[in-house]
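In: Got a predicted model here, sequence first, then my questions.
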Amino acid sequence: MNKEIVKAVSKKQFQLMMDSEKELKKYLNADTSGRPQETWSGLFNKIEQLLTTISTCQDRIMLLQQIMDSEELLKKIKSE
């Protein structure tokens, strides 16, 4: 498996995760004073969307790591 490709994909996912986290913090600090909670649906939707993006990126990074670990273990077993 090409480790350079895996590293690049992981780096891209990590960057997307960090960008989404910055944006999420901005939305979590939104000034909602004086506005009824019923009007917050757009804000909630955006926060949920960003949480989904962060979660998906984390899952992808972990899956890539598991695939790499499995392949390295398989190579080690075959060489014995």
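Out: On my side now, so go ahead.

In: Nearest residue to the residue nearest the centre of the chain in space, please, no chain neighbours.
Out: Centroid check for the chain by C-alpha atoms, centre = their mean gives residue 57 as the closest residue, at 2.4 Å. Counting by C-beta to C-beta, 6 or more residues apart in numbering, residue 17 is the residue found nearest to residue 57 once chain neighbours are left out, at 3.8 Å. Yep, even glycine has a C-beta here, placed from its N, CA and C like the rest.

In: Report the distance from the helix or strand harbouring that neighbour to the chain centre.
Out: Using DSSP states H and E, residue 17 falls within helix 3-28. In this view, helix 3-28 has its centroid 6 Å away from the chain centroid, taken as C-alpha atoms, centre = their mean, to the nearest Å.

In: right, and the residue nearest to the centre of the chain touches residue 13 too?
Out: Yes - using C-beta atoms under 8 Å, residue 57 is in contact with residue 13, at 4.4 Å.

In: on that earlier part again, so the residue nearest to residue 57 makes contact with residue 54?
Out: Yes - with contact defined as C-beta under 8 Å, residue 17 counts as touching residue 54 (5.3 Å).

In: what comes up buried for the helix holding residue 17?
Out: 6, 10, 13, 17, 20, 23-24 (16 or more other C-beta atoms under 10 Å).

In: same for the longest helix anywhere in the chain, what does it pack against?
Out: Secondary structure of the chain per DSSP state H: the longest helix is helix 41-79. In terms of contacts (3 or more C-beta pairs under 8 Å, 6 or more residues apart in numbering; DSSP states H and E), helix 41-79 is packed against helix 3-28.
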